[in-house]
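*Asks:* need coordinates for the below:
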Amino acid sequence: MRPVLEVEDLHVHFPTSRGPVKAVDGVSFALQPGERLGLIGESGSGKSTIALAIMRLIKPPGSIAGGRILLAGTDLLQLDEEAARQRRLAEVALVTQGAMNALNPVIRIRHQLLDGMEAHGVQLSKREAKEQLAALLDSVGLRPEVADLYPHQLSGGMKQRVCIATAISLNPKVIIADEPTSALDVVVQRRVMQTLRTAQEHLGAAVILIGHDMGLMAQFADRVAVMRAGQIVEINDVREIFARPQHPYTRLLMDSLPSLDQRDSLLRSGPPARPAAEMTTP
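*Replies:* Below you'll find the model as predicted:
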């Protein structure tokens with residue numbers, strides 16, 4: 001089966017007075033249709049930068065310095081801005097962290113959901129729009145009445161589910177979820193992740209889940225890619241990652257998980273990764 005998404009030797013640089021910061025340094029991976037890939041690593045390891053590169057949303061002075069991003073065989077990096085915009089949401093969608101900032105506080109949920117569809121040429125009558133919104137909200141566990149509310153009238157978990165509804169509104173091939181449960185309590189995290197799983201299974205879409213919670217990855221992902229200092233240091237089936245981690249940093253991540261029989265032990269920490277700001281070219 002041909003991968004739905006292929007990232008090949010991706011490089012993303014940010015210029016500084018000391019030389020370019022290699023935020024993403026030669027990353028490669030492939031994503032199969034319907035697969036759930038977890039992308040895990042410490043803050044600053046390049047996880048979110050990969051997501052922005054796939055979405056073609058790297059802002060100056062940052063730049064994609066090399067590589068290919070193939071979506072269903074088409075290199076997204078070779079598309080002009082308008083063609084790339086048409087691919088966003090329609091074929092690859094992003095669920096960002098912090099739903100509070102992702103939704104416009106002065107626009108009703110109905111219009112925020114419809115705007116994305118209309119921007120991609122979807123024309124609906126009032127009746128069709130009402131039915132489409134009801135079905136879309138129902139697919140993420142929300143009542144139709146939510147469409148008439150403003151973001152401030154929703155809980156954090158409801159806002160995040162609205163963001164998932166926006167992401168799946170045009171049946172994308174790939175959904176990128178960038179720490180979708182950050183700032184949510186454990187119970188709400190579980191509901192949001194179940195919503196994402198249900199939506200993904202309904203669409204048959206592939207998912208890249210970005211985060212730093214190994215427990216969450218164990219419950220959701222089929223494979224896990226471990227990132228450090230802009231590089232993927234290990235990628236494997238989630239069971240293999242947990243049972244037989246190969247890279248020293250992956251083993252440190254495993255060792256840092258709380259253990260019931262070592263409740264009083266301190267979490268281990270390894271030697272710090274070389275800061276990306278120091279990784280300059282001659």
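
*Asks:* hey, let's count contacts and neighbours off CA atoms from now on
*Replies:* Will do.

*Asks:* okay, R239 and M217: tell me how far apart.
*Replies:* R239 sits at a distance of 10 Å from M217 (criterion: Cα to Cα, to the nearest Å).

*Asks:* so these two - more neighbours on which side?
*Replies:* Taking neighbours as other Cα atoms under 10 Å, R239 and M217 compare with M217 leading, 21 against 14.

*Asks:* helices or strands up against whichever strand or helix holds that one?
*Replies:* For M217, the enclosing helix or strand under DSSP states H and E is helix 214-220. Using 3 or more Cα pairs under 8 Å, 6 or more residues apart in numbering; DSSP states H and E as the contact test, the elements touching helix 214-220 are strand 36-41, helix 238-243.

*Asks:* contacts for it, please.
*Replies:* R36, G38, I40, M193, R197, L209, V224, V238, R239, L253, M254, L257 (Cα atoms under 8 Å, 6 or more residues apart in numbering).

*Asks:* stretch 195-208 now?
*Replies:* Taking Cα under 8 Å, 6+ apart as the rule, stretch 195-208 contacts 4, 31-39, 139-141, 161, 164, 168, 171-177, 220.

*Asks:* give me the buried positions along it.
*Replies:* For stretch 195-208, the neighbour count (16 or more other Cα atoms under 10 Å) marks T195, L196, R197, A199, Q200, L203, G204, A205, A206, V207, I208 as buried.

*Asks:* also stretch 43-55?
*Replies:* By 16+ other Cα under 10 Å, the buried positions in stretch 43-55 come out as G44, S45, G46, K47, S48, T49, I50, A51, A53, I54, M55.

*Asks:* do the same with stretch 68-75
*Replies:* Using 16+ other Cα under 10 Å as the test for burial, stretch 68-75 gives R68, I69, L70, L71.

*Asks:* restrict it to CA atoms and write it as PDB.
*Replies:* The C-alpha coordinates for stretch 68-75 follow below in PDB (Å, rounded to 0.1, in the frame of the first residue of the first chain):
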ATOM      1  CA  ARG A  68      10.200  16.700   0.100                       C
ATOM      2  CA  ILE A  69       6.700  16.400   1.500                       C
ATOM      3  CA  LEU A  70       4.600  14.000  -0.600                       C
ATOM      4  CA  LEU A  71       0.800  14.000   0.000                       C
ATOM      5  CA  ALA A  72      -0.700  11.200  -2.100                       C
ATOM      6  CA  GLY A  73       2.300  11.500  -4.400                       C
ATOM      7  CA  THR A  74       2.200  15.300  -4.800                       C
ATOM      8  CA  ASP A  75       5.100  17.300  -3.400                       C
END
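
*Asks:* least trustworthy helix or strand in this protein by mean pLDDT?
*Replies:* The weakest-scoring helix or strand in the chain, judged by mean pLDDT, DSSP states H and E, is helix 99-102 (a mean of 74).

*Asks:* separation between S182 and R244?
*Replies:* 28 Å.

*Asks:* the closest residue to A147 other than its chain neighbours: what secondary structure?
*Replies:* Of all residues not flanking A147 in the chain, R110 sits nearest, at 4.4 Å (Cα to Cα, 6 or more residues apart in numbering). What DSSP: H, G, I helix; E, B strand; the rest coil gives for R110 is helix.

*Asks:* quick one, what contacts R110?
*Replies:* Contacts for R110 (Cα under 8 Å, 6+ apart) come out as L133, V146, A147, D148, L149.

*Asks:* got the buried residues of stretch 43-55 as a markdown table, with distance to L154, pLDDT and secondary structure columns?
*Replies:* Shown next, in a markdown table, are the buried residues of stretch 43-55 (distance: Cα to Cα, whole Å; pLDDT from 0 to 100; DSSP: H, G, I helix; E, B strand; the rest coil):
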| residue | distance to L154 | pLDDT | secondary structure |
| --- | --- | --- | --- |
| G44 | 31 | 92 | coil |
| S45 | 32 | 95 | coil |
| G46 | 31 | 96 | coil |
| K47 | 29 | 96 | helix |
| S48 | 26 | 95 | helix |
| T49 | 29 | 97 | helix |
| I50 | 30 | 98 | helix |
| A51 | 27 | 97 | helix |
| A53 | 31 | 98 | helix |
| I54 | 30 | 98 | helix |
| M55 | 27 | 96 | coil |
